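**Q** this is the structure alone, sequence omitted:
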């Protein structure tokens, strides 16, 4: 099988860029990304772009934020009292922290504001609200 169809495992090389051209991820200099089409393991727009490609095909696609990491959501910004932070933590704007949720999951947040009594944490994905452009090359299908 040389065409990428639902249920097939695909192997792709890619470079992802934000709207200003900044590369945020790439498989250059490493093994291709492998995933099963239809598994939901990658963002929906990327999966749709790969479907129907033939081995050796290359394409550039722009994926709107709604088919990537979704819109930025203000309700995902939370204020946390400094007393809830580890005593040895000196938070700074832009710093990334890992928090454990009540159900044991770990999530990454970014410090967006630091005050005397509290800090504000943004739990949005760093690429939320951004249209993304990918250069994709299909190198294998199983």
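**A** It's in. This one's a predicted model, so the numbers in the text were calculated from it and none came from an experiment. Numbers count the residues shown, from 1 in each chain.
**Q** for residue 47, what is the enclosing helix or strand?
**A** helix 44-50 (DSSP states H and E).
**Q** beyond that helix, next helix or strand please.
**A** strand 58-63.
**Q** contacts only, for residue 97.
**A** 89, 91, 108, 109, 110, 111, 121 (Cβ atoms under 8 Å, 6 or more residues apart in numbering). (Glycine included, C-beta is placed from N, CA and C.)
**Q** out of the residues you listed, what pair is the most spread apart?
**A** 89 and 108 (15.1 Å; Cβ to Cβ).
**Q** returning to that earlier point: now for the helix holding residue 47, which elements pack on it?
**A** Judged by 3 or more Cβ pairs under 8 Å, 6 or more residues apart in numbering; DSSP states H and E, helix 44-50 is in contact with strand 9-17, strand 58-63, strand 132-141.
**Q** could you rerun that using 7 Å?
**A** In terms of contact count using 3 or more Cβ pairs under 7 Å, 6 or more residues apart in numbering; DSSP states H and E, helix 44-50 is assigned the packing partners strand 58-63, strand 132-141.
**Q** which neighbours does the shortest one have in its sheet, and in what orientation?
**A** Note on strand 58-63: by DSSP bridges, its sheet partners are strand 132-141 (antiparallel).
**Q** and the angle for the strand it pairs with with strand 9-17?
**A** Per axes from the mean of the first three to the mean of the last three Cα atoms, to 10 degrees, the angle that strand 132-141 makes with strand 9-17 is 150 degrees.
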